[in-house]
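K.L.:
What follows is a predicted protein model with its sequence.
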Amino acid sequence: MNNIIRVCIADDHDLYRDGLHLLLNKDREIEVTGEAANGRELIELALRSRPDVILTDLIMPGVDGVTAIRELREKGFDRIIALSTFDSERLIVEALEAGAQGYVIKNAQKGEIMEAIRKVNKYQPYYCSSTSIRLARHIGRSTFNPYNRDNKVRFDDREKEIIRLICEERSNEDIGKTIYMSKRTVEGIRARILKKMNVRTPAGVAIYAIKHNIYVLDDKGMLPA
């Protein structure tokens, strides 16, 4: 029973909230402890039920999700996942800066929502698999930095070179041609990089690289050509 992750959810749409509740309760390791329809209800619910992980929509009436996240962080809740839509990049960055540890697009695959909960429950950041490099740049330039307490991971010169090319959205084949390596060798190094960073996507690589100064943005937030 100690392995159960206690979760509360907030969304002002009853249908979505009910569906998410039903989905999460199908997982034996997750228990939904309560639901809220706005930010104020979420804060009161969290204080009563003390969940492990909080999932909250960002656009809600009254107290919105970003404001609720900020208040929850002030009250000691630090495992929060923002629920957003594809066209809310600005809000996603605001939610992360307010204290969210990760975010998921609302129509994400069910497996991704479960993975987000498990990672954030372990105090690890989570970036939705649909994250664009453009959004990664915005996150990279933001005050959000979940790596402050990380032990430094070492990358050799070849890994750093491949990291920079990944940040430029180059394919494995293109990277191989650029640094005179086979595509298969690049794939192996790339897999090693993702494992070291504990990320799954090019956007995750970009955010990690920017935050650790492996890749530097120019003053307009663009990746160097």
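P.N.:
On my side now, so go ahead. Residues are numbered from 1 along each chain as shown.
K.L.:
What mean pLDDT does the helix ranked longest in the chain get?
P.N.:
Assignment by DSSP state H gives helix 183-197 as the longest helix of the chain. Taken as a whole, helix 183-197 has an average pLDDT of 94.
K.L.:
tell me what it is packed against?
P.N.:
Helices and strands touching helix 183-197, by 3 or more C-beta pairs under 8 Å, 6 or more residues apart in numbering; DSSP states H and E, are helix 157-167, helix 172-179, helix 202-211. All C-beta atoms are positioned from the backbone trio N, CA, C, and that covers glycine.
K.L.:
Go through these and name the closest to Leu24.
P.N.:
helix 202-211 (23.5 Å; C-beta to C-beta).
K.L.:
Run the angle between that closest one and helix 157-167 for me.
P.N.:
Counting by axes from the mean of the first three to the mean of the last three C-alpha atoms, to 10 degrees, helix 202-211 lies at 120 degrees to helix 157-167.
K.L.:
one step back: Arg90: which of the helices and strands packed on helix 183-197 is closest?
P.N.:
Between Arg90 and those, the shortest gap by C-beta to C-beta is with helix 202-211, which sits at 16.3 Å.
K.L.:
Restricting to C-alpha, output the helix or strand of the chain with the lowest mean pLDDT in CSV.
P.N.:
One helix or strand of the chain scores below all others by mean pLDDT, DSSP states H and E: helix 133-141, with a mean of 86. C-alpha atoms of helix 133-141 as CSV (Å, rounded to 0.1, in the frame of the first residue of the first chain):
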residue,chain,number,x,y,z
ILE,A,133,12.2,22.4,-30.1
ARG,A,134,10.7,25.9,-30.2
LEU,A,135,9.0,25.3,-26.8
ALA,A,136,12.3,23.8,-25.5
ARG,A,137,14.1,27.0,-26.4
HIS,A,138,11.5,29.0,-24.4
ILE,A,139,11.8,26.7,-21.4
GLY,A,140,15.6,26.8,-21.7
ARG,A,141,15.6,30.6,-21.4
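K.L.:
Please list the outside residues in contact with it.
P.N.:
Identification of contacts with helix 133-141 by C-beta atoms under 8 Å, 6 or more residues apart in numbering yields 89-90, 92-93, 96, 127, 167, 169, 202-204, 206-207, 209-211, 217, 221-223.
K.L.:
go with 7 Å
P.N.:
For helix 133-141, the external contacting residues (C-beta atoms under 7 Å, 6 or more residues apart in numbering) are 89, 92-93, 96, 169, 202-203, 206-207, 210-211, 217, 221, 223.
K.L.:
farthest pair in those residues?
P.N.:
Between all members of the contacts of helix 133-141, the farthest pair (by C-beta to C-beta) comes out as Leu96 and Glu169, at 21.5 Å.
K.L.:
what about those two, which has more around it?
P.N.:
Taking neighbours as other C-beta atoms under 10 Å, Leu96 and Glu169 compare with Leu96 leading, 26 against 14.
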